[in-house]
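Engineer: let's see this in three dimensions:
(chains A and B)
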Amino acid sequence: MPVVPQKRSSSKTQRHEDAKAAARRAAPSVVRNSPSSFFVSWCLGVFVLHCSYGLRAFCVLCGLALCVTAELSAQTLPAGQPVAAVVLDLDGRALSDLALVGLIDTKVGQPLALPDVRESIVHLMGLGRFEDVRVHAVPDGRGLTLRYELRSLRTVKAIELRGHLGLPERELRDAVVERFGASPPVGRAGDIALALREFLAQRGFDRATVAPRQIGAGERSAGPVLVMDVDAGLRTVVGGIAVQGPIPRETVLHELDVHPGAPYDATALLQQVDRYARKLKADGHYRATVESIPRSTGDGRTVDLAIRIDLGPVVRVAFEGDPLPVEALADLVPIARERSADQDLLEDSKLRLERYLRGQGYRDPRVDFSSRQEDHQLTIVFNIRRGPRFRVGDVRVSGNQSLALDDLRPSILVRSGEPFVDAQLESTRAALADHYQRAGYADVAVAIGTSLRDPARSASPGLREIDVRITIDERVRTVVGQILIEGSASVSEGVLREAMLSKPGAPFYRPQVVRDVDRVLLEYRDRGYQLVAIDPDIRFSEDRRIVDVRFLIREGPQIFVDHVLIVGNTRTSADTIERQLLVKPGQPLSITAVLESRRRLSALGLFRRIDITELQHGTETRRDILVTVEEAPVSSFGFGGGVEGGERLRRTTESPDRATERFEFAPRGFVEIGRRNLWGKNRSVNLYTRVSVRPPAERLLPDGETKRGLSFREYRVVGVFREPDIFGTDADGQITGVLEQAVRSSFNFRRRSARLELAQRLTPRVSVVGRYSFDRAELFDEQFNTGDRLLIDRIFPNVRLSSIAGSMLRDTRDDALEPTKGTLIGIDGQLTARAIGAEVGFSKTFLQGFTYRRLPGRRPIVFAAGARLGLADGFAREVPATGPEGTAIVEIVEDVPASERFFAGGDTTVRGFVLDRLGAAGTIDVDGFPRGGNALMILNAEIRLPVWRDLGAVGFIDAGNVFAQVDDFDFGEIRGAVGFGLRYRSPVGPIRVDLGFALDRREIGGRPERLPVLHISIGQAF
Amino acid sequence: MDWAGIRDSGFGIRGLSRSADLKNLCVLCVLCGCLVRPVGAGAQEVLLDRVLAIVSGEVITLSDVRAATAFQLVTPAAAGGDPVARVVARLIERQLILNEANRYAAPDPASAAIERGLADVRQRVSAGQAVEATLAGTGMTAARLRDFIRDDLRIDNYLDQRFGGAAQPTEEEVAAYYRAHQAQFDREGLATFEQASPAARSRLREERREALVADWLERLRRRADIRELYLPSSKD
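Structural biologist: Numbering: from 1, shown residues only, chains lettered A, B, ... in the order given. Sure thing, here's the model as predicted:
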């Protein structure tokens, strides 16, 4: 569609044009007069001059009527004439925005159809960018030139409050901003003025005037400043104050902060009245009321106040009869907490008490309440009669011929020996009926009878027992016969049958038919049939053994997406948003596609708010989809700090020849800076820096002193650049640079590495990652016994690694921090080889699987279990070296570098052992320092149960070990540990304290292993 | 009106009596109205359509007003002199109610009812060909006209459902209404309460319903986001 640009006018000409345009707008008619009509009008006017008064009046009315009816006249609109050109102007300037042009339905070369004009207006207004759209037609020799006149939706740059405000400016401004926002549309100036007048009137300025005006309206780059010229006028003052009630007048006036002659402020007075009423109630006057009634005096400048206080009695709650726990009473009778003693609350409390008692097995509790008024005190007395306590005796089930009792048992909620609760009978009846209905017994009848057991036969004297008899009348089993689908013209029967859960021959279950209807509805709605209606018709055979289900479908019209309008994106490119949208122009409007589009946009993390709405226009079968986004800040900055505590292995001056376990705290802090949505393409860059200070290994100084204290022993600097949808694919690319220095139990190391990753999400739950990394790792502060030092650590203390790796992760957990259900399964493979630039080669595989299940029952108890298996194998490399006698020899290195070996023991692996201190023979040197190994197995199981509010407890069993080589792997060497711990659910994740006990305590480095081992950290162990 | 100002405004009609002023002012209205408009109009530019109001995001256009007028789809509001403004006011009210009906998923009417509504509209516009021409000339389409009538029926159903029950008068109220309007009923030949009772009940119910709807509409108006862009000529 050609867009004809308009010439830009000079400012003077522009003003002239603006004035002309304003004059045109001012005319009520839309049909411009031709010269001939002007001549006729003039003649008519001359004629009128010579008419009588009555006739003149008639003519004037006719003239006015002509003017206004011309507005509505459609006959002269040039419908049907060819469109020669379409031009857009925005605020008087020519515009050639292809995105906007695409929304216009009046096409060049086609005859003008007025419905298309309206459609185009609706599309354009749907963007939410324009305050007004007008469409003009100018005929020329070729046809019509259509001019779309767009006016920007302008928001004010700032609001200025000028004049006599009466109140502090901040209060007025807050009132405006709270209701209209900081930058309201210019068009709301009138509403803002009205709101300000109302606000001032509430505060005592009931004759305030507020006049809005704009300054800087001509500037196009920014909105105008909205000036509110306020004249608050004189403030109403408080005249006489009459106080009724038992409280001294001076006290009341002091509490309400009001006195004669003070400025009248209805809002503040109301707040004071509420506050004072709450105060009286807090003093036990639960029925206290405070009322302030203003009355304007004749001069309108003063307000007389009538303040009425009904203090009511001091309310006290007492309990008589059978005792109940005090904590339970506070919850069940919340009179003191709610500071209220109204009748509804008393009734509710009575019912709560009775329900509570029934839940305890008191079948016939009786709770009454009464009031006793003594002087100024009202005592509400709850009289509690628990009655006898009942326990479930025998539970007998009969009539279950088709289903075994063991199958039914989960549905039987009354259990022998438990308190008898009437409500559980109905729950049991419903659960059993549902159980049978799922098996096809649609007409099953379940009856539950009870009988009080003879006290002489009771197992526990003093307790009454009720035997429960459950009688089941199964009746016939019904199976689905035919499934008939009628009225499906647009979706094949095969697709619909596939979607249904009901199948011919399967047991008939009525709720399943309802679900089938929902599933078929979804099939249709995903194809654009939003108005589809489905009526299921269920017909039983005479013997009720077979049921035919007929689905009567009324499809309704199929609705298609007309345009997809994206608004609100100022930094993010439309391409980035469109890529995530599954709703496309021309396609059927799918509900699932809309929901999934919203989810995908949300997952970008670029937007604070996302709205996807349908705009209906024109015909019933087309919708515009309006995607409105509100962008989130692109820069992020975070910092934090904490302390890590745990057992560490150290050489100390007291025992320099062996590893000593010592509990150490390590303060740490981090800073993170990020910027998202670079170049509007959702690219991001992040820099993360973490530092920890730790005590270094103790050293004896020449003067005999021991060097202690803290020093920067650990740091990690990570820079990440992320490019989503790299090279137009669905994969995300990531470049990472890492600079770190870390402390291990037996050595420290520095590492510089660069990584290139490609990650793709195959499904919402499954993702794969391919990775290339280049590292240089340098060991220092090694604690290994010299004789036990591995060859690779001696020859390559500073090793270069070049690796390719791939991993796959399936994550169905409901929460990454504290999962209660789902699984996590990961496979990771790595190949490091000299052929791609490494100094040594090895392969490494790591498999891990975790499962989380919530156990049946009311309490949210979670069972978590996990298994990890790591295997690594070094490639042999010959390295020239010098022998003990100075001869040249060749050493063969086939170990894995220290930074890549596996370690076990610690708060996330086997918690009965100090960090890295678990290992089979050959992985720990003679001094007790771990060297790590090439094979690892870790097994964990844990029960997590809530204790009180955010506090929880766990019990765990861990097992595992590290082996020097894969061939050394021996299940008999797997070592176990048990323990327990506490969890506190904090805003940053669960704070964890675990105490682990190794099951077979051994001696390492000449000392027995520590028992128990304490771990404190954040986050679950697995 | 500042008569003195107009007398001294230099139009060359000075020294006339107040009555003459009035007459000449009327003439000036006609002449100047016709004179000024072509001057400001430019070269035969025709306004095809424009936005007149936006009600919670729904656009009401000039073509909607044209169509509503041509097909007599709404009864213009009583207040105000500007015919466009009166129709816009009605369309805004209709949209407010329709939004509520949509919010509560008011059911679709039967097809037959829609057809009856369409037939009424066709009858109002006279011959079938005229309907097609009016559709083309007003920017309305047959499908939208059908939707309009369908929504009108949904609105009626919704209002009946929401206010029908509340508007039902008791026997005492009907009797009181009859007593208050007895003279009028007498004029209509409904001399006794028994005769007038059905009419009294019906009128009372209708009056109450209207009052309830009007009150409800006022509250809807206060809550809704309404932008009226069509301002009669004195304001625009």
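
Engineer: when you work out contacts or count neighbours from here on, use the C-alpha atoms and nothing else.
Structural biologist: Fine.

Engineer: residue A:117 belongs to a strand?
Structural biologist: No. Under DSSP: H, G, I helix; E, B strand; the rest coil, residue A:117 falls outside any strand and is assigned helix.

Engineer: and the residue nearest to it when sequence neighbours are not counted, which of the three is it?
Structural biologist: Leaving out its chain neighbours, the residue that sits closest to residue A:117 by Cα to Cα, 6 or more residues apart in numbering or on different chains is residue A:106, at 6.3 Å. What three-state DSSP gives for residue A:106 is coil.

Engineer: list the helices and strands the helix ranked longest in chain B packs on?
Structural biologist: What stands out as the longest helix in chain B, according to DSSP state H, is helix B:193-223. Helix B:193-223 is packed against helix B:83-103, helix B:142-163, helix B:171-180, with contacts defined by 3 or more Cα pairs under 8 Å, 6 or more residues apart in numbering or on different chains; DSSP states H and E.

Engineer: and the next helix or strand past it?
Structural biologist: Counting by DSSP states H and E, the next helix or strand C-terminal to helix B:193-223 is strand B:226-228.

Engineer: how far does that following strand sit from its chain's centre?
Structural biologist: Its chain's C-alpha centre and that of strand B:226-228 lie 16 Å apart, by Cα atoms, centre = their mean, to the nearest Å.

Engineer: number of nearby residues for the nearest residue to residue A:438 once chain neighbours are set aside?
Structural biologist: Sequence neighbours aside, residue A:509 is the residue nearest to residue A:438 in space, at 5.3 Å (criterion: Cα to Cα, 6+ apart). Applying other Cα atoms under 10 Å in any protein chain shown, we find 20 residues neighbouring residue A:509.

Engineer: also residue A:479?
Structural biologist: A count of neighbours around residue A:479, defined by other Cα under 10 Å, yields 24.

Engineer: who's in contact with it?
Structural biologist: With contact set as Cα atoms under 8 Å, 6 or more residues apart in numbering or on different chains, residue A:479 has these partners: A:440, A:504-508, A:545-547.

Engineer: hmm, back to that, any idea of the pLDDT on the residue nearest to residue A:438?
Structural biologist: Looking at residue A:509, its pLDDT reads 95.

Engineer: confirm for me that residue A:516 is in contact with residue A:497.
Structural biologist: No. Between residue A:516 and residue A:497 there is no contact under Cα atoms under 8 Å: 9.2 Å.

Engineer: more neighbours, those two?
Structural biologist: Applying other Cα under 10 Å to residue A:516 and residue A:497 shows that residue A:516 carries more neighbours, namely 20 against 16.

Engineer: in the stretch 301-450 of chain A, what residue lies closest to chain B?
Structural biologist: Closest approach between the stretch 301-450 of chain A and chain B, counting by Cα to the nearest Cα: residue A:344, at 27.1 Å.

Engineer: that's a helix at that residue, yeah?
Structural biologist: Yes. Counting by three-state DSSP, residue A:344 is found in a helix.

Engineer: how much space between it and residue A:380?
Structural biologist: Going from residue A:344 to residue A:380 by Cα to Cα, to the nearest Å gives 14 Å.
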